[in-house]
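*Asks:* Build me a structure from this.
(one chain, ligands or ions: 1)
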Amino acid sequence: MRKRRVVILGSTGSIGTSALKVARDIPDRMEVVGLAACSSVKALAEQIHETGVKRVALFDATKKEELAALISPDVTIFTGEEGLCELARTEEADMVLISIIGTAGLQPALTAIEAGKDLAIASKEILVMAGEVVMTAARKAGINVLPVDSEHNAIYQCLQVDHRGPDQVSRLILTASGGPFRTWDKNALASVTLEQALQHPTWNMGRKITIDSATMFNKGLEMIEARWLFDIPMDRVDVIVHPQSIVHSMVEYVDGSVIAQMSESDMCFPIQYAVTWPDRVSNTLTPLDFRQLGSLVFEAPREDAFPALTLARRAGELSGTMPAVMNAANEIAVEAFMNRRLGFTQIWDVVGQVMNAHDPIDPMGRLEPILKADAWARSTAAGICASLATSSV
Ligand code: MG
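*Replies:* Numbers count the residues shown, from 1 in each chain. Coordinates of the predicted model:
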């Protein structure tokens, strides 16, 4: 039985803390050999004590001394993006789990690939922005990319059951919880408050992804993520609303058979599978109790009320730099909404306007045009957010 030695980038976030839970649950199969956090010094220090790791990284360099004071002097502390990359190269690691919010995990992911480490990817932005670049580099390096996002992990599992190429897959069907406003009238969405948007019905997640679930941009990003992970054209990536979040996603084959993956909604399931793949290992997680489950519901997504899916499909079809632009514009709009400078439905307006103003180009396998488009989209989106804020006052 192979033990995975894992570096966790983003260890104090929602996925990171679940990953440490998995490591405690299956110690024969998972050992944590490096930890990185953005700025949560206290939580990181506790994790360092617990795991005994000797290499850590702190994105916020100004907090290095504060961390050093809390931990043993024989622990090496790296800082900044270069520090994350240094950790991704850790000699004794054979897998790097990327669970950093947003785009900060992109460079460390490419560094890990170069160093021959398998990747477990929880940060969807990496595959949305640079899916083609990352997957091409991964294939060239001969490393595995294991998705941790529950939907993609589910599809990965479904594809293992019936190991056929993309030509025998007719559709990938991503399930979506529909978020807290699934049944709301379209006109009522304009008055959604931050507090309402932060109440997710089935998943307990970070703030940004919770807002993305409410707008359905989370599912839009996941459509593009799936397109690159599984090398399937956008028009064969479908979404179905499933409010119970028990079926995590499905694969439909050309003969009409559908294979689905189910479990309780707990991120420990997909994290463990990414770490133990291709094996299955017993654990202390609660299996489904079908006698208690009741009914599972499936509904068509309401794209007229939640235009994020339409925008995402367009971005994925245009491809090139457009998915990066959509992602960046959404990050800025969500930030403005969380700072109460933008209305809920204006998130879609901002993203749509920024996409309309962009002419996508083919990055030809390079990161630079993608990062340039990302920066352009951020400043353009910020400008639009500012003008909307002034006009609504
Ligand atoms: Mg997901």
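*Asks:* C-alpha from now on. contacts and neighbour counts both.
*Replies:* OK.
*Asks:* Within range of the ion, give me the residues from the protein.
*Replies:* By CA under 5 Å from the ion, the residues of the chain that approach the ion are 149, 150.
*Asks:* quick one, strands of the chain?
*Replies:* Using DSSP state E, the strands found in the chain span residues 4-9, 30-37, 55-58, 76-79, 95-98, 118-121, 145-147, 169-176, 237-241, 247-253, 258-262.
*Asks:* Looking at those, spot the one closest to residue 184.
*Replies:* Evaluated over the strands of the chain, closeness to residue 184 peaks at strand 237-241, with 14.1 Å, by CA to CA.
*Asks:* Which neighbouring elements make contact with the closest one?
*Replies:* Packing contacts for strand 237-241, counted by 3 or more CA pairs under 8 Å, 6 or more residues apart in numbering; DSSP states H and E, involve strand 169-176, helix 217-229.
*Asks:* now it against helix 217-229, angle please.
*Replies:* 150 degrees (axes from the mean of the first three to the mean of the last three CA atoms, to 10 degrees).
*Asks:* Could you list the alpha-carbon positions for strand 237-241 in CSV?
*Replies:* Output of strand 237-241 as CSV, limited to C-alpha atoms (Å, rounded to 0.1, in the frame of the first residue of the first chain):
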residue,chain,number,x,y,z
VAL,A,237,-20.6,19.6,-20.6
ASP,A,238,-24.0,19.8,-19.1
VAL,A,239,-25.5,21.0,-15.8
ILE,A,240,-28.4,19.7,-13.8
VAL,A,241,-29.7,21.2,-10.5
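*Asks:* Can you name the residues in contact with stretch 114-123?
*Replies:* With CA atoms under 8 Å, 6 or more residues apart in numbering as the test, stretch 114-123 has contacts from 15, 88-89, 93-103, 105, 109, 112-113, 137, 141-149, 274-275.
*Asks:* let's go with 6 Å and repeat that
*Replies:* 89, 94-99, 143-149 (CA atoms under 6 Å, 6 or more residues apart in numbering).
*Asks:* Mind checking which of the residues you listed are buried?
*Replies:* Neighbour-count burial (16 or more other CA atoms under 10 Å) applied to these gives 89, 94-99, 143-149.
*Asks:* Just the closest of those to the ion, please.
*Replies:* The ion has its nearest neighbour among those in residue 149, at 4.7 Å by CA to the ion.
*Asks:* and the residue nearest to that closest one when sequence neighbours are not counted, how many neighbours?
*Replies:* Computed as CA to CA, 6 or more residues apart in numbering, the closest residue to residue 149 that is not its neighbour in sequence is residue 122, at 5.3 Å. Residues within reach of residue 122, counting by other CA atoms under 10 Å, total 26.
*Asks:* got it, and residue 174?
*Replies:* By the measure other CA under 10 Å, the count of residues near residue 174 is 25.
*Asks:* That one reaches residue 251, doesn't it?
*Replies:* No: in this structure, residue 174 is not within contact of residue 251 by CA atoms under 6 Å, at 8.6 Å.
*Asks:* if we can go back for a sec, just say which of the strands of the chain is most tucked in.
*Replies:* Stretch with highest mean neighbour count among the strands of the chain: strand 95-98 (a mean of 30; mean count of other CA atoms under 10 Å).
*Asks:* Quick one: mean pLDDT for that one?
*Replies:* Strand 95-98 carries an average pLDDT of 98.
*Asks:* and it, which strands flank it?
*Replies:* Paired strands of strand 95-98, with direction, are strand 4-9 (parallel), strand 118-121 (parallel) (DSSP bridges).
*Asks:* May I have the shortest one as CSV, with CA atoms only?
*Replies:* Put plainly, it is strand 118-121. Extracted C-alpha coordinates of strand 118-121, given in CSV (Å, rounded to 0.1, in the frame of the first residue of the first chain):
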residue,chain,number,x,y,z
ASP,A,118,1.2,14.7,-8.9
LEU,A,119,-1.3,17.4,-8.4
ALA,A,120,-4.5,17.4,-6.4
ILE,A,121,-6.4,20.5,-7.5
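*Asks:* Quick one: mean pLDDT for it?
*Replies:* Mean predicted confidence for strand 118-121 is 98.
*Asks:* cool, stretch 281-292 as well?
*Replies:* 96.
*Asks:* before we move on, back to that, including mean pLDDT, could the helices and strands packed on strand 237-241 go into TSV?
*Replies:* Shown next, in TSV, are the helices and strands packed on strand 237-241 (pLDDT from 0 to 100):
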stretch	mean pLDDT
strand 169-176	97
helix 217-229	96
